[in-house]
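Asks: sequence and predicted structure, then a few things I'm wondering about:
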Amino acid sequence: MAANLRTGAACVESEWDTGVIRITAEAGESVIIQVSSVMAEGMSFIPILANGTQSDVYLVQNGFLDISIGGELTLQKTLGLSLYTISYMVEVNYQ
């Protein structure tokens, strides 16, 4: 198996772990997190938050909040051995 070739702030080393994004805000502030699906050539990715949906409201406790993002990757066709990029959007609305 090849070495981990992932890059980016929300990528993880493990094949079986979620990405984590840290959000900073004042303690006691609420934030609404929404993640959006994307399509790429021959595949789709549906990002999923810890509650099993693509949107949730969180309360910041100590000035920061770690949001875990997993997801479902679906291949629409056979893809050759290569590096592929999946991008998705994370929207953060401070309340």
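Replies: Thanks, I have the structure now.

Asks: pretty sure residue 86 is touching residue 73, no?
Replies: Yes. Counting by C-beta atoms under 8 Å, residue 73 is a contact partner of residue 86 at 7.1 Å. For glycine as for every other residue, the C-beta is placed from the backbone atoms N, C-alpha and C.

Asks: between the two, which contacts overlap?
Replies: Jointly contacting residue 86 and residue 73 under the rule C-beta atoms under 8 Å, 6 or more residues apart in numbering are 43, 45.

Asks: of those two, which one has the most company?
Replies: More crowded of residue 86 and residue 73, by other C-beta atoms under 10 Å: residue 86, with 14 against 11.

Asks: so the more buried one is in which element?
Replies: According to DSSP states H and E, residue 86 maps onto no helix or strand at all.

Asks: and the nearest residue to it once chain neighbours are set aside, what pLDDT?
Replies: Distances taken as C-beta to C-beta, 6 or more residues apart in numbering place residue 45 nearest to residue 86, at 4.6 Å, with adjacent residues excluded. Residue 45 is assigned 87 on the pLDDT scale.

Asks: ramachandran angles for residue 45?
Replies: Backbone torsions of residue 45, given as degrees, to the nearest 10, read phi -130, psi 130.

Asks: same check, this time on residue 66
Replies: Main-chain torsions, residue 66, degrees, to the nearest 10: phi -100, psi 120.
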